[in-house]
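> Give me the fold of what follows.
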Amino acid sequence: MKDNMRYYCDSSFDQDDDEKWFYLLDMAFSKCNTVEFNIFLKGYDTVSEIKELSKYLIQKSKKKEKIFVSGYSIEYLLNDSLKNFIKAKRYIDWRNYYLEDIALLQNGREILSTITHENYIIMFMSENQRNELNSKGFDFSFDWGTEPFKRTK
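Alright, predicted model coming up:
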């Protein structure tokens with residue numbers, strides 16, 4: 001019997017969890033085709049490493065159905081350049097960077113999302129995948145359901 005897919009949250013990451021962070025990124029990279037960031041700081045588009053990614057830009061928008069909505073977000077086609085850009089930073093480096101709150105998407109569905117200021121990593125997975133990750137030292141102990149962007153506050 002196939003497990004139902006749900007969103008689970010790990011809030012246990014700290015600044016030294018890079019190995020775990022890169023492991024989750026590689027898992028999500030293999031499934032996803034776009035990446036979305038919340039725009040945290042004005043002037044993000046003048047930062048050279050971000051400017052270089054503009055040719056992969058899909059859209060800049062004010063999203064309504066996203067795990068964590070914060071003003072405007074920017075979406076790119078996920079390719080090797082974007083993967084390298086993301087992996088060039090440690091997990092902690094994304095907090096208060098020009099772009100933050102990474103969301104890796106597969107055909108519009110968030111597969112891995114972060115809420116940087118809360119230190120949340122949310123993944124869409126089966127119960128079996130959750131148990132496997134938890135056995136490797138992760139702590140996906142919070143069940144966020146099937147549509148976390150519709151949660152009530």
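> And the strands in the chain, which stretches?
6-10, 34-39, 57-61, 73-77, 99-106, 109-115, 120-125, 140-145 (DSSP state E).
> okay but Asn107 is in contact with Asn33, surely?
Yes: the pair Asn107 and Asn33 passes the contact test of C-beta atoms under 8 Å, sitting 6.7 Å apart. From N, CA and C alone the C-beta is placed, and that goes for glycine too.
> Between those two, tell me which one has more neighbours.
Of the pair Asn107 and Asn33, Asn33 is the one with more neighbours under other C-beta atoms under 10 Å, namely 13 against 9.
> Relative to Ser126, how far out is that one?
20 Å (C-beta to C-beta, to the nearest Å).
> follow-up on the earlier one: nearest to Ala88, of the strands of the chain?
Across the strands of the chain, Ala88 has its closest neighbour in strand 99-106 (12.7 Å, C-beta to C-beta).
> and that closest one, which strands flank it?
Strand 99-106 pairs in its sheet with strand 34-39 (antiparallel), strand 109-115 (antiparallel), by DSSP bridges.
> Now mean neighbour count too, for those strands, in TSV please.
Converted to TSV, the strands paired with strand 99-106 look like this (neighbours: other C-beta atoms under 10 Å):
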stretch	mean neighbour count
strand 34-39	22
strand 109-115	21
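> Same list (those strands) but as a markdown table, adding mean pLDDT and distance to Asp101.
Below are the strands paired with strand 99-106 laid out as a markdown table (pLDDT from 0 to 100; distance: least, C-beta to C-beta, whole Å):
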| stretch | mean pLDDT | distance to Asp101 |
| --- | --- | --- |
| strand 34-39 | 94 | 4 |
| strand 109-115 | 94 | 6 |
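> just so I know, which of the ones you listed lies nearest Glu65?
Shortest separation from Glu65 across the strands paired with strand 99-106 is recorded for strand 109-115, at 9.5 Å, computed as C-beta to C-beta.
> would you put the C-alpha positions of the closest one in PDB?
Output of strand 109-115 as PDB, limited to C-alpha atoms (Å, rounded to 0.1, in the frame of the first residue of the first chain):
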ATOM      1  CA  ARG A 109       4.100  21.800  -5.700                       C
ATOM      2  CA  GLU A 110       6.600  22.600  -3.000                       C
ATOM      3  CA  ILE A 111       8.800  19.600  -2.300                       C
ATOM      4  CA  LEU A 112      11.200  21.200   0.100                       C
ATOM      5  CA  SER A 113      10.600  24.600   1.700                       C
ATOM      6  CA  THR A 114      12.300  26.700   4.300                       C
ATOM      7  CA  ILE A 115      11.100  29.400   6.700                       C
END
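> Alright, I will stop here.
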